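**Student:** any chance you could fold what I've pasted below:
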Amino acid sequence: MHIAVAGNIGSGKTTLTKLLAKHYGWEPNYEDVDDNPYLNDFYEDMQRWSFNLQIYFLNSRFNQVVDIKEGNKKVIQDRTIYEDAYIFAPNLHAMGLMSTRDFENYFSLFNSMDHFIKAPDLMIYLRASVPTLVNQIQNRGREYEESIRLDYLKRLNERYEAWISTYDKGKLLVINVDENNFIEKPEDLGNIIQKIDGELHGLF
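**Tutor:** Numbers count the residues shown, from 1 in each chain. Model prediction:
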């Protein structure tokens, strides 16, 4: 079984992934941030490193999905390959931070990969306003995220909403993070778990 947590930078994906993995006994698959050789360079010079970063994420995420497909474990994944392809890469292209040539090359590669992968059994989308994202980004204090601009987060949020409004690859659960502080309130986490249980009973 494959569960995935989607959402903008700072929406709480990694935290929710950890909490749900612990509760259900699922195996967590995290985004490759700490070992990513391009991330610091990207935030210093987005135009120079955008293509390299997106290719790295695409490859990393594809390998994760292949491993999930070939294994027999119940896995919860922090961010999906679809977010790379439909949100982050197009956003960089629209902002002039990735050339049309590079973006077309990137998207062609994603389309080839898409034929070999299966969508998650359940997609959990964390919806959060920009102020909430900023607050949570500041609270975790990652140095390379200090230069993230508000307009960048706003653009990403718009793309997330556009993507999720047409998502039809499988079951979808939307969590409003502005109204649900699962990080600090056990009762809010309990509400999410209750909703997930409701969705999962239809999978078996």
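
**Student:** quickly find the element holding Q77.
**Tutor:** Under the criterion of DSSP states H and E, Q77 resides in strand 75-78.

**Student:** and that strand, C-alpha only, in CSV?
**Tutor:** This file holds the C-alpha atoms of strand 75-78, laid out as CSV (Å, rounded to 0.1, in the frame of the first residue of the first chain):
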residue,chain,number,x,y,z
VAL,A,75,4.8,3.0,2.7
ILE,A,76,4.0,6.6,3.4
GLN,A,77,5.9,9.0,1.1
ASP,A,78,6.8,12.6,1.8
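
**Student:** if you average pLDDT over the helix or strand just after it, what comes out?
**Tutor:** Once strand 75-78 ends, the next helix or strand along the chain (criterion: DSSP H and E) is helix 81-83. Averaged across helix 81-83, the pLDDT comes to 96.

**Student:** hmm, who's touching helix 81-83?
**Tutor:** 6, 58, 61-62, 65, 110, 113-114, 117, 119, 160, 163, 169 (CB atoms under 8 Å, 6 or more residues apart in numbering). (Each C-beta comes from the backbone N, C-alpha and C, glycine too.)

**Student:** okay, now the sheet partners of the strand holding Q77, with direction.
**Tutor:** strand 2-7 (parallel), strand 27-29 (parallel) (DSSP bridges).

**Student:** looking at those strands, which is closest to R79?
**Tutor:** R79 sits nearest to strand 2-7 of all these, at 6.5 Å, using CB to CB.
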